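1. need coordinates for the below:
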Amino acid sequence: MKKKILFAIFAIAMLSQSMTVFAAPKKMPDGTMFDAAYYAATYPDVKAAFGNDEVMLYTHYALVGKAENRKPYATTTAT
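-> All right, here's what the predicted structure looks like:
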């Protein structure tokens, strides 16, 4: 029940701000770097539930994805 209430509060707060989807990570209001296009493409279960809605994708990441160790944006490693 607490998660649902927190999710609703967070979603309302995020929906009150104007956001557009970008193809590169951007700094979210809480300071987290997040790429909605990457997150949706990488996690089809999340995309099936939330589509390409940046607010909902970030809300999922903040409340669930982070705890599940999902990546918020693509990382590159030098070889």
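2. the residue nearest the centre of the chain sits in which helix or strand?
-> Nearest to the geometric centre of the chain sits Tyr58, at 1.9 Å (CA atoms, centre = their mean). Assigned by DSSP states H and E, Tyr58 belongs to helix 54-60.
3. and if you look at Ala40?
-> With DSSP H and E as the test, Ala40 turns up in helix 36-42.
4. and that helix, which residues are buried?
-> For helix 36-42, the buried set under the neighbour-count rule, 16 or more other CB atoms under 10 Å, comprises Ala36, Ala37, Tyr38, Tyr39, Ala40. All C-beta atoms are positioned from the backbone trio N, CA, C, and that covers glycine.
5. and the strands in the chain?
-> Under the criterion DSSP state E, the chain contains strands at 26-27, 33-34.
6. and the ones you listed as TSV, adding mean pLDDT, distance to Tyr73 and mean neighbour count?
-> Below are the strands of the chain laid out as TSV (pLDDT from 0 to 100; distance: least, CB to CB, whole Å; neighbours: other CB atoms under 10 Å):
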stretch	mean pLDDT	distance to Tyr73	mean neighbour count
strand 26-27	90	9	13
strand 33-34	95	6	16
